[in-house]
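Visitor: need coordinates for the below:
(one chain, ligands or ions: 1)
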Amino acid sequence: MAQESISKTVGILGGGPAGCMCAKILSDNNIDVSLIDKSDFLRTILQTGGGRCNLAHSEYDFKNLAKNYPRGEKFLYSVFSRFATKETVEFFKSIGIDTFTREKDNRIFPVCESSAQVQKSFLKSLKCKLIKDKIIQITHDKKFVLKGESGNYSFDYLVIAIGGHSDFNLIQNLGLNIETPVQSLVGLITKEDFSTLSGVSLKNITAKVDKKVYTGDLLFTHKGVSGPLIYTISSVYARKTLPYNISLKLMPETDLQKILNDNPHKEIKNIISQFIPKSLAEYILNELKTDSMLKAHQINSVIRDNITEKLQNFKITVNGKVADGEVVTCGGVDLKEINSKNMQSKQINGLAFCGEVLDIDGFCGGFNLQNCWSTGYVAAMGIVEELNHSSDFPA
Ligand SMILES: Cc1cc2nc3c(=O)[nH]c(=O)nc-3n(C[C@H](O)[C@H](O)[C@H](O)COP(=O)(O)OP(=O)(O)OC[C@H]3O[C@@H](n4cnc5c(N)ncnc54)[C@H](O)[C@@H]3O)c2cc1C
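Guide: Numbering: from 1, shown residues only. Okay, the predicted model is just below:
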């Protein structure tokens, strides 16, 4: 219900997707909001989806949606029950951004396929004060006081939405616990040298880590491996101690001896290349110190078994990460300290968090922006509901 501006003030630190969503909902409810960022507002959306902004994922069941978050799944149940995919699509429509679902992977994009256009429309719809400043200290007594490089600001409520790549000391100094940040959704550096395979991709292959099976596309890089399958693995195992192994199944269970018998004069590299790219076939034969020109009838049972083992169980040793993907942060504000009904700290009244600054991160596919829209909305509505309630019962 529209009402007179409520006299309490809200500051939002961080004008990324989460902070902007929070600011939009608060200002639409006539609350006095100031949005503070050290850089251009919604700048971080420009790089999303390769400049096309994959803003959500076409999963309309909130519990299934939450399964896509290695950190935060249970916490997000109550958040997504209030604001998830349907509400996101409706929200963007309301600010003039129609969306569509890309059929091959269920990712939702704006019809304009332009992050810059989303930024423009979103900012045009915002009615709050925008302050450009870098905040270097936050203190809290009766009010939240933010010390910036260009000035000081004080608010009754504070929402922190500084993302996952920022200075967590600002929050730790308020007494909140931070789960140590590590990178997720990244390429992996391998012990094996795959530089000769750089650029070679494998479609829809199966990988095993600790007996758990994952399927997707993989890309060999100068430093190791990347691509959607690897981003998923880097996310699930973001905190796994290095080094660890990934086992790839490069071809389905096949009777290699029968294929050799059926093609006695065919070179072994051409036989294996029926299943995998030729350069990878040559790499494997080189690893096995087997002449790639050998004819099928020259392959003895030892070589055959070694080749079969490599194709069924191609081992990769992960010993590092390389920031080449969507790069989100696993870690952030400890969810045990946050009330999922309003995103507020359980310790400090009036202090809320939203977006990637929380210890929530999802897979590739629109899930990380969804976290921003949803937690931004719930953080805003928590304040709206509190202020509406207190205005019913004036002190
Ligand atoms: C290359 C790339 C592509 C991506 N593509 C997608 C995609 O297609 N779909 C998807 O769902 N996710 C994608 N992501 C992830 C998504 O962009 C992030 O999860 C999201 O931007 C997080 O939003 P946020 O508002 O929580 O934080 P941020 O976007 O990081 O915004 C935080 C803001 O706070 C400001 N700030 C920080 N500290 C201070 C300070 N001390 N004082 C003042 N201001 C401060 C920063 O300047 C920044 O503007 C991608 C990420 C990357 C890196």
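
Visitor: show me what from the protein comes close to the ligand.
Guide: Neighbours of the ligand within the chain, by C-beta under 6 Å from any ligand atom: 13-19, 36-39, 43-44, 47-49, 54, 134-135, 161-163, 165-167, 326-328, 355-357, 366-369, 372. Any C-beta I mention is one placed from the backbone N, CA and C, and that applies to glycine too.

Visitor: S150 touches I136, doesn't it?
Guide: No. At 10.5 Å, S150 does not count as touching I136 under the criterion of C-beta atoms under 8 Å.

Visitor: those two: which is more packed in?
Guide: Neighbours per residue (other C-beta atoms under 10 Å) separate S150 from I136, with I136 holding more: 13 against 10.

Visitor: ok, and the closest non-adjacent residue to the more buried one?
Guide: K147 (5.7 Å; C-beta to C-beta, 6 or more residues apart in numbering).

Visitor: any idea how far whatever helix or strand the one you found lives in is from the chain center?
Guide: According to DSSP states H and E, K147 maps onto strand 144-148. Distance of strand 144-148 from its chain centroid, counting by C-alpha atoms, centre = their mean, to the nearest Å, is 30 Å.

Visitor: can you show me the strands along the stretch 51-200 of the chain?
Guide: Assigned by DSSP state E, counting those that start in this stretch, the strands in the stretch 51-200 of the chain fall at 56-57, 99-102, 107-110, 129-132, 135-140, 144-148, 152-155, 157-160, 178-184, 187-190.

Visitor: can you redo these as a markdown table with mean pLDDT?
Guide: Listed next are the strands of the stretch 51-200 of the chain as a markdown table, based on pLDDT from 0 to 100:
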| stretch | mean pLDDT |
| --- | --- |
| strand 56-57 | 98 |
| strand 99-102 | 98 |
| strand 107-110 | 98 |
| strand 129-132 | 98 |
| strand 135-140 | 98 |
| strand 144-148 | 98 |
| strand 152-155 | 98 |
| strand 157-160 | 98 |
| strand 178-184 | 96 |
| strand 187-190 | 97 |
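
Visitor: can you tell me which of the ones you listed is most buried?
Guide: Of all those, strand 157-160 has the most neighbours on average by mean count of other C-beta atoms under 10 Å, namely a mean of 29.

Visitor: picking up where we left off before, just the buried residues of the residues of the chain next to the ligand.
Guide: With neighbours counted using 16 or more other C-beta atoms under 10 Å, those contain these buried positions: 13-19, 36-38, 44, 48-49, 54, 135, 161-163, 166, 326-328, 355-357, 366-369, 372.

Visitor: residues touching I271, list them.
Guide: I259, L260, N263, A296 (C-beta atoms under 8 Å, 6 or more residues apart in numbering).

Visitor: just V322 next, same as before
Guide: V186, G187, L188, I189, T221, K223, G224, S226.

Visitor: mind listing what G72 touches?
Guide: Applying C-beta under 8 Å, 6+ apart, the residues contacting G72 are A66, L335, L358, D359, I360, D361, G362, N371.

Visitor: now render the residues you listed as TSV, adding pLDDT, secondary structure and neighbour count.
Guide: Shown next, in TSV, are the contacts of G72 (pLDDT from 0 to 100; DSSP: H, G, I helix; E, B strand; the rest coil; neighbours: other C-beta atoms under 10 Å):
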residue	pLDDT	secondary structure	neighbour count
A66	98	helix	23
L335	98	helix	19
L358	98	strand	29
D359	98	coil	25
I360	98	coil	33
D361	98	strand	27
G362	98	coil	28
N371	98	helix	26
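
Visitor: any idea which element A18 lies in?
Guide: helix 17-28.

Visitor: that helix: what's the following helix or strand?
Guide: In the C-terminal direction from helix 17-28 (assignment by DSSP H and E), the next one is strand 31-37.

Visitor: would you mind writing the CA trace of that following strand as CSV?
Guide: This file holds the C-alpha atoms of strand 31-37, laid out as CSV (Å, rounded to 0.1, in the frame of the first residue of the first chain):
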residue,chain,number,x,y,z
ILE,A,31,11.3,4.7,2.1
ASP,A,32,14.2,7.2,2.2
VAL,A,33,17.1,5.2,0.6
SER,A,34,20.6,6.1,-0.2
LEU,A,35,22.6,3.7,-2.4
ILE,A,36,26.3,4.1,-2.1
ASP,A,37,29.0,2.7,-4.5
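
Visitor: which residues touch that strand?
Guide: With C-beta under 8 Å, 6+ apart, strand 31-37 has contacts from 5-16, 19-20, 23, 26-27, 41, 43, 126, 128-133, 135, 146, 148, 153, 155, 383-384, 387.

Visitor: what's the answer for stretch 246-264, then?
Guide: Counting by C-beta under 8 Å, 6+ apart, residues outside stretch 246-264 touching it are 202, 205-209, 218, 225, 233, 271, 274-276, 280, 295-297, 299, 301, 304, 307-308, 310-316, 318.

Visitor: right, I'll leave it there.
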